[in-house]
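Student: Sequence and predicted model, in that order:
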Amino acid sequence: MGTQYRLLTLFADGGWMMYPLVLCSLIAVGVILAKMWTLWVAHSGTAQVLREVQEAAESGDLDAAYNIARDTPGPAAAIVLAGLRRVRNGRLTKGELETAVATTGAIELSFLERGLVILATIANVAPLMGFLGTVAGMILAFAAIEEAGTVEPSLVAGGIKVALLTTAAGLIVAVPINITYNFFVTRIDMLIVDMEQGAQKIINLAWDLERDGKIEVVAAKKL
């Protein structure tokens with residue numbers, strides 16, 4: 001109870017700038033939780049689905065491979081699904097598969113990066129808010145000195161306290177968000193590798209099927 005009261009007291013002493021800092025932290029927490037869940041779902045089972053799709057395709061059962069990719073969430077499975085949807089037709093236009101894979105990859109990457117801009121913005125803005133609170137606190141301190149006409153510690157203590165509290169609050173909000181942002185970027189880079197593996201597998205599958213005469217690749221029609 002004492003700790004809670006002390007935190008509320010520090011929040012009140014920090015002045016009006018503490019409110020936007022708390023709002024930023026709440027928004028960041030929501031984005032972080034949602035992004036953690038999204039990236040976990042996107043990465044889980046990726047190696048397994050690529051292996052199962054390859055085994056089904058090598059056995060000649062493209063429908064089973066298609067169903068496996070369709071029933072598995074994640075960007076790598078989505079890329080494989082986009083490729084299999086065209087390979088199953090038995091007839092491909094030259095460059096059609098590569099275009100479909102690249103387009104699906106761009107869409108999936110955009111989805112994975114959703115929310116990172118919010119985290120990056122808060123990580124950059126929170127310290128600036130703290131510095132703004134610092135400037136406001138120093139203005140209050142000098143205004144107290146000007147009004148009193150003398151320099152006494154008790155006059156400037158309130159303004160300096162506001163300055164220090166808002167600076168600390170801004171850094172407390174920004175530092176963990178910045179660390180989390182970099183962690184998410186690293187995880188997305190790993191998922192990009194998974195997506196590239198999925199794209200390479202479906203392209204290799206198309207080459208093998210064309211070599212065996214199971215699909216036909218025709219030239220694109222000229223406009």
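Tutor: Good, I have the coordinates.

Student: what about V49, how many neighbours?
Tutor: 23 (other CB atoms under 10 Å). Backbone N, C-alpha and C define where each C-beta goes, glycine included.

Student: Quick one: classify the closest residue in space to it that isn't next to it in sequence as helix, strand or coil.
Tutor: Nearest non-adjacent residue to V49, counting by CB to CB, 6 or more residues apart in numbering: T72, 4.3 Å away. Secondary structure, DSSP: H, G, I helix; E, B strand; the rest coil: T72 is coil.

Student: So, low pLDDT: which residues of this protein?
Tutor: Filtered on pLDDT under 70, the chain yields the residue ranges 1-15, 90, 92, 141-142, 144-146, 148-159, 214-223.

Student: how about 50 then?
Tutor: 1-2, 5, 223 (pLDDT under 50).

Student: Show me the strands in it, by range?
Tutor: For the chain, the strands defined by DSSP state E occupy 91-93, 216-218.

Student: quick one: the helices in the protein?
Tutor: For the chain, the helices defined by DSSP state H cover 2-13, 18-43, 46-58, 62-70, 75-87, 96-112, 116-148, 153-211.

Student: Quick check, the residue nearest to V49 in contact with G45.
Tutor: Yes - T72 is within contact range of G45, at 6.0 Å (criterion: CB atoms under 8 Å).

Student: More neighbours: which of the two?
Tutor: Neighbour comparison, T72 and G45: the larger count goes to T72, with 20 against 15 (by other CB under 10 Å).

Student: Now the more buried one: phi and psi?
Tutor: The phi/psi pair for T72 (degrees, to the nearest 10) reads phi -110, psi 120.

Student: Surely L132 is in contact with A163?
Tutor: No - in this structure, L132 is not within contact of A163 by CB under 8 Å, at 10.2 Å.

Student: Between those two, which is the more surrounded one?
Tutor: Taking neighbours as other CB under 10 Å, L132 and A163 compare with A163 leading, 24 against 16.

Student: Measure how buried the residue lying closest to that one once chain neighbours are set aside is and give me the count.
Tutor: Nearest residue to A163, sequence neighbours excluded (CB to CB, 6+ apart): G137, at 3.1 Å. By other CB under 10 Å, the residues close to G137 number 24.

Student: correct me, but G133 touches A163?
Tutor: Yes - assessed by CB under 8 Å, G133 is found in contact with A163 at 6.7 Å.

Student: before we move on, back to that, for the helices of the chain, which one ends up most surrounded?
Tutor: helix 75-87 (a mean of 24; mean count of other CB atoms under 10 Å).

Student: So which elements touch that helix?
Tutor: helix 46-58, helix 62-70, helix 96-112, helix 153-211 (3 or more CB pairs under 8 Å, 6 or more residues apart in numbering; DSSP states H and E).

Student: among those, which is nearest A76?
Tutor: Within the helices and strands packed on helix 75-87, the stretch nearest A76 is helix 153-211; the backing value is 3.8 Å (CB to CB).

Student: Just want the angle from that closest one to helix 46-58.
Tutor: For helix 153-211 against helix 46-58, the angle by axes from the mean of the first three to the mean of the last three CA atoms, to 10 degrees is 10 degrees.
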